[in-house]
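Participant: sequence unavailable; structure follows:
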Ligand SMILES: [Fe+2]
């Protein structure tokens, strides 16, 4: 594999992040939504992988065959689907393509409840980081696809302003957090808005980012 020229931990922005107007607001015809993601695996891994997504996302199958299982947790007929293709090969780290898929919870309470529920099933994140705009936990599915569970730290209307803050421009990666600590403090009555604020600190070293 080629050497990574610019490790993630030292990422700097070429220009400030920004939140553009929606395509619709700019008069364009654009997709109405992001519909679903289909993951390829080997035939015998279709069921276990679909089960993992049902567990993690509290999803249920809408289409369930030996070769293709579609699951959803909302009104969409499938959000994640698993497609078995004979001869498909196991994950190899560092290939071009998908890095991770992120799911947003309604708030920190739901994110931490999910973290606690998954921990009880032996499913634990490899990295927990408050990016600034989001509080995020990164997991691997049994095929080593990376899944981010997150909640927004900033109301949508304030993202544009947040991206301009020194806090974000000086460290667009974020600062690690301990979910157990946030859970304890939330239970003790600290407001979500306070707990979602990014703590002071430096980004974790590149060696702490899960590799896939
Ligand atoms: Fe992400």
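Facilitator: Right, received. Where do you want to start? What you are looking at is a predicted structure, and each value in this text was computed from that prediction instead of being measured.
Participant: which residues does residue 98 contact?
Facilitator: Listed by CB atoms under 8 Å, 6 or more residues apart in numbering, the contact set of residue 98 reads residue 145. Every C-beta, even on glycine, is put in place using the N, C-alpha and C of the backbone.
Participant: for it, which three-state class applies?
Facilitator: Following DSSP: H, G, I helix; E, B strand; the rest coil, the label given to residue 98 is coil.
Participant: would you mind measuring the gap between the ends of stretch 160-175?
Facilitator: 20 Å (CA to CA, to the nearest Å).
Participant: can you pull the buried residues of it?
Facilitator: 162, 163, 168, 171, 172, 173, 174, 175 (16 or more other CB atoms under 10 Å).
Participant: check stretch 36-53 too.
Facilitator: Judged by neighbour count (16+ other CB under 10 Å), stretch 36-53 contains these buried residues: 39, 41, 45, 46, 49, 50, 52, 53.
Participant: just the closest of those residues to residue 99, please.
Facilitator: residue 39 (13.5 Å; CB to CB).
Participant: the closest one - that's part of a strand, no?
Facilitator: Yes - counting by three-state DSSP, residue 39 falls inside a strand.
Participant: tell me the contacts of it?
Facilitator: For residue 39, counting by CB under 8 Å, 6+ apart, the contacting residues are 49, 80, 81, 82, 83, 141, 143, 145.
Participant: could you dump these to a markdown table with distance to the ion?
Facilitator: Output for the contacts of residue 39, formatted as a markdown table (distance: CB to the ion, whole Å):
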| residue | distance to the ion |
| --- | --- |
| 49 | 21 |
| 80 | 16 |
| 81 | 20 |
| 82 | 21 |
| 83 | 23 |
| 141 | 15 |
| 143 | 18 |
| 145 | 13 |
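Participant: using TSV, lay out those residues together with pLDDT and secondary structure.
Facilitator: Shown next, in TSV, are the contacts of residue 39 (pLDDT from 0 to 100; DSSP: H, G, I helix; E, B strand; the rest coil):
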residue	pLDDT	secondary structure
49	98	helix
80	98	strand
81	98	strand
82	98	strand
83	98	strand
141	98	coil
143	98	coil
145	98	coil
